[in-house]
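Trainee: model this:
(2 chains)
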Amino acid sequence: DTAVSQTPKYLVTQMGNDKSIKCEQNLGHDTMYWYKQDSKKFLKIMFSYNNKELIINETVPNRFSPKSPDKAHLNLHINSLELGDSAVYFCASSQESQRGYGYTFGSGTRLTVV
Amino acid sequence: AQSVSQHNHHVILSEAASLELGCNYSYGGTVNLFWYVQYPGQHLQLLLKYFSGDPLVKGIKGFEAEFIKSKFSFNLRKPSVQWSDTAEYFCAVGVTSGTYKYIFGTGTRLKVLA
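Mentor: Take a look at the predicted model:
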């Protein structure tokens, strides 16, 4: 039973398209995150939601819009995709009251923009 | 600004060799410290964590790390590596600066030769 699941696992699309990545966690956590891992494996936080409320919004282009319909889901919509958006996107979750326990990561979505 | 440095970008070891990966952070407040491992093509998994108490923490698969507050360091060690330890290793620091968030190091790619 997957704890943090992301779909799709792979996404290949053309420049200019709009795409969405979905994330769901069944751990009962109240906080969810999106991270971007570039080709050099550098991990950078993009967004964080706590109980459906946006709490972290790093310097990410407006073309990226997260949506959290409930605390178990955090989706990422990307408009007008660019070549530089190619990366692996990881969703993660945690329990705010148990910060020291770390995050649980999803298996990642490899986005390739051509 | 807070940052996490992993000075070894690539490490190549033979099986049974000892491993030490460096991690230093810059943040003056209270921190939670983590090491994550990412096996090829997989998501990040928690190896070990430090929250409070004994600065020497033991994790899964024979890994351990020592928090040295005066040096702002949290180095990862393993006395005898195996071929299956080949992976990318990420140090992460949880800080509260406005909101609580993780800052990841740039990762160390470990290759263990059989």
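Trainee: which non-adjacent residue is nearest the residue of chain B found nearest chain A?
Mentor: Among the residues of chain B, B:F51 lies closest to chain A, at 3.2 Å counting by Cβ to the nearest Cβ. Bear in mind the C-beta positions are built from the backbone N, C-alpha and C, glycine included. Once flanking residues are discounted, B:F51 sits nearest to A:G100: 3.2 Å by Cβ to Cβ, 6 or more residues apart in numbering or on different chains.
Trainee: returning to what we had before: quick one: contacts for the residue of chain B closest to chain A?
Mentor: Neighbouring residues of B:F51 by Cβ atoms under 8 Å, 6 or more residues apart in numbering or on different chains: A:G100, A:Y101, B:N32.
Trainee: of those, the lowest pLDDT goes to which?
Mentor: Lowest pLDDT of those: A:G100, 73.
Trainee: thinking again about what came up before, in three-state terms, label the residue nearest to B:F51 for me.
Mentor: State at A:G100, reduced to three classes by DSSP: H, G, I helix; E, B strand; the rest coil: helix.
Trainee: these two touch, right, it and B:G94?
Mentor: Yes. Counting by Cβ atoms under 8 Å, A:G100 does reach B:G94; the two are 7.5 Å apart.
Trainee: Please identify which of the two sits among more neighbours.
Mentor: For A:G100 versus B:G94, neighbours defined as other Cβ atoms under 10 Å in any protein chain shown are more numerous around B:G94 (22 against 13).
Trainee: element containing that one?
Mentor: Assessed by DSSP states H and E, B:G94 sits inside strand B:87-97.
Trainee: and that strand, what other elements does it pack with?
Mentor: Counting contacts by 3 or more Cβ pairs under 8 Å, 6 or more residues apart in numbering or on different chains; DSSP states H and E, strand B:87-97 is packed against strand B:3-5, strand B:31-38, strand B:73-78, strand B:99-104, strand B:108-113.
Trainee: okay, those in JSON lines with mean neighbour count and distance to chain A next?
Mentor: Output for these, formatted as JSON lines (neighbours: other Cβ atoms under 10 Å in any protein chain shown; distance: least, Cβ to the nearest Cβ, whole Å):
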{"stretch": "strand B:3-5", "mean neighbour count": "16", "distance to chain A": "10"}
{"stretch": "strand B:31-38", "mean neighbour count": "23", "distance to chain A": "5"}
{"stretch": "strand B:73-78", "mean neighbour count": "20", "distance to chain A": "13"}
{"stretch": "strand B:99-104", "mean neighbour count": "19", "distance to chain A": "4"}
{"stretch": "strand B:108-113", "mean neighbour count": "17", "distance to chain A": "7"}
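Trainee: before we move on, the earlier item: just give me the closest of the contacts of B:F51 to B:K61.
Mentor: Closest approach between the contacts of B:F51 and B:K61, by Cβ to Cβ: A:Y101, at 18.4 Å.
Trainee: And that closest one, how close does it get to chain B?
Mentor: Per Cβ to the nearest Cβ, to the nearest Å, A:Y101 is found 7 Å from chain B.
Trainee: which residues touch that residue?
Mentor: Neighbours of A:Y101 in contact, by Cβ under 8 Å, 6+ apart: A:S94, A:Q95, B:K49, B:F51.
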